[in-house]
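Trainee: Predicted structure and sequence below. I'll ask about it afterward.
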Amino acid sequence: MARLTVGVLISGRGSNLKALIEACAAPDYPAEIALVISNKPDAAGLDYARAAGIPVAIIEHRAFPDRASFDAALDARLRAEGVGLVCLAGFMRLLTEGFVVGWHDRLINIHPSLLPAFPGVDVQQRAIDAGVRFSGCTVHFVRTATDDGPIIIQAAVPVLPEDDAERLAARILEAEHVCYPLAVRWFAEGRLAVDGNRVRLRGAVAPPETAFSPAAS
Ligand code: GRF
């Protein structure tokens, strides 16, 4: 089986990278991570890559005069590795239109809300402040607008009365670690067809779940 070659871009903790590394360790998983790039030399997530023997590249954005030249360096490195899918996993840099267009439908992101609700940053606190009963996570193809693009998978997570941003983030993160490997699997298996703003999933279904929040007592 030819496995899809994946490049993962991180800036920090790397728990989603860890989830992807663990998924790739299964013999029947259809993807492998060829390269992890961080724009921060001290990103904790780099240790997961190193421990798994995955090549890492540190490309510091500060070393470049502008976004376009930084993105060109990312692009060159990813193409040199023969990457077929780029996964943003807590990568805290906005990408230029040139980069996004160059990786059209081969660039995906994970975001800790049910998009299009709560794009941007500080999303767990904003969800709590808005009083929503559910938040969750979204894996989506990347388009030029921030946290925008055709949605591959979402998981809903209840917002509980006693939640603060940290507790809610931790609950959402557990769902992220299920969703991201599933999205990459579906991409690698050729099951995702982008049709305008919608993604059609062929021949696989997400686990069926119905949730109510607050739950009946
Ligand atoms: C995650 O919440 C992800 O959804 C967001 O940034 C966070 C990264 O966490 N884009 P980690 O570095 O994967 O632990």
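Mentor: That came in fine, so what should we check first?
Trainee: Check residue 198 and give its pLDDT.
Mentor: As predicted, residue 198 sits at a pLDDT of 96.
Trainee: Give me the phi and psi angles of it.
Mentor: phi -110, psi 150 (degrees, to the nearest 10).
Trainee: Packing partners of the helix or strand where residue 70 lies?
Mentor: According to DSSP states H and E, residue 70 maps onto helix 67-80. In terms of contacts (3 or more Cβ pairs under 8 Å, 6 or more residues apart in numbering; DSSP states H and E), helix 67-80 is packed against strand 4-10, strand 31-38, helix 97-102. Where C-beta positions appear, they are placed from N, C-alpha and C, glycine not excepted.
Trainee: highest average neighbour count across the ones you listed?
Mentor: Of all the helices and strands packed on helix 67-80, strand 4-10 carries the top mean neighbour count, a mean of 24, counting by mean count of other Cβ atoms under 10 Å.
Trainee: thinking again about what came up before, to residue 81, which of the helices and strands packed on helix 67-80 lies closest?
Mentor: Closest to residue 81 of the helices and strands packed on helix 67-80, according to Cβ to Cβ: strand 31-38, at 4.5 Å.
Trainee: is the closest one anywhere near the ligand?
Mentor: No. Applying Cβ under 6 Å from any ligand atom, one finds strand 31-38 separated from the ligand by no less than 10.3 Å.
Trainee: so what does that strand touch, helix or strand wise?
Mentor: For strand 31-38, the packing partners by 3+ Cβ pairs under 8 Å, 6+ apart come out as strand 4-10, helix 15-24, helix 46-51, strand 56-58, helix 67-80, helix 165-188.
Trainee: and of those, who's closest to residue 121?
Mentor: helix 165-188 (11.3 Å).
Trainee: Could you list the buried residues of the closest one?
Mentor: 168-169, 171-173, 175-188 (16 or more other Cβ atoms under 10 Å).
Trainee: Mean pLDDT and distance to the ligand for the helices and strands packed on strand 31-38 - can I get that in JSON lines?
Mentor: Below are the helices and strands packed on strand 31-38 laid out as JSON lines (pLDDT from 0 to 100; distance: least, Cβ to the nearest ligand atom, whole Å):
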{"stretch": "strand 4-10", "mean pLDDT": "98", "distance to the ligand": "6"}
{"stretch": "helix 15-24", "mean pLDDT": "98", "distance to the ligand": "3"}
{"stretch": "helix 46-51", "mean pLDDT": "98", "distance to the ligand": "10"}
{"stretch": "strand 56-58", "mean pLDDT": "98", "distance to the ligand": "15"}
{"stretch": "helix 67-80", "mean pLDDT": "98", "distance to the ligand": "17"}
{"stretch": "helix 165-188", "mean pLDDT": "97", "distance to the ligand": "5"}
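Trainee: need those in CSV with distance to residue 36, can you?
Mentor: Formatted as CSV, these follow (distance: least, Cβ to Cβ, whole Å):
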stretch, distance to residue 36
strand 4-10, 5
helix 15-24, 6
helix 46-51, 4
strand 56-58, 5
helix 67-80, 11
helix 165-188, 14
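Trainee: Residues touching the helix holding residue 70, excluding its own?
Mentor: For helix 67-80, contacts defined as Cβ atoms under 8 Å, 6 or more residues apart in numbering pick out 7, 9, 35, 37, 39, 57, 59, 61, 63-64, 86, 93-96, 98-99, 102-103.
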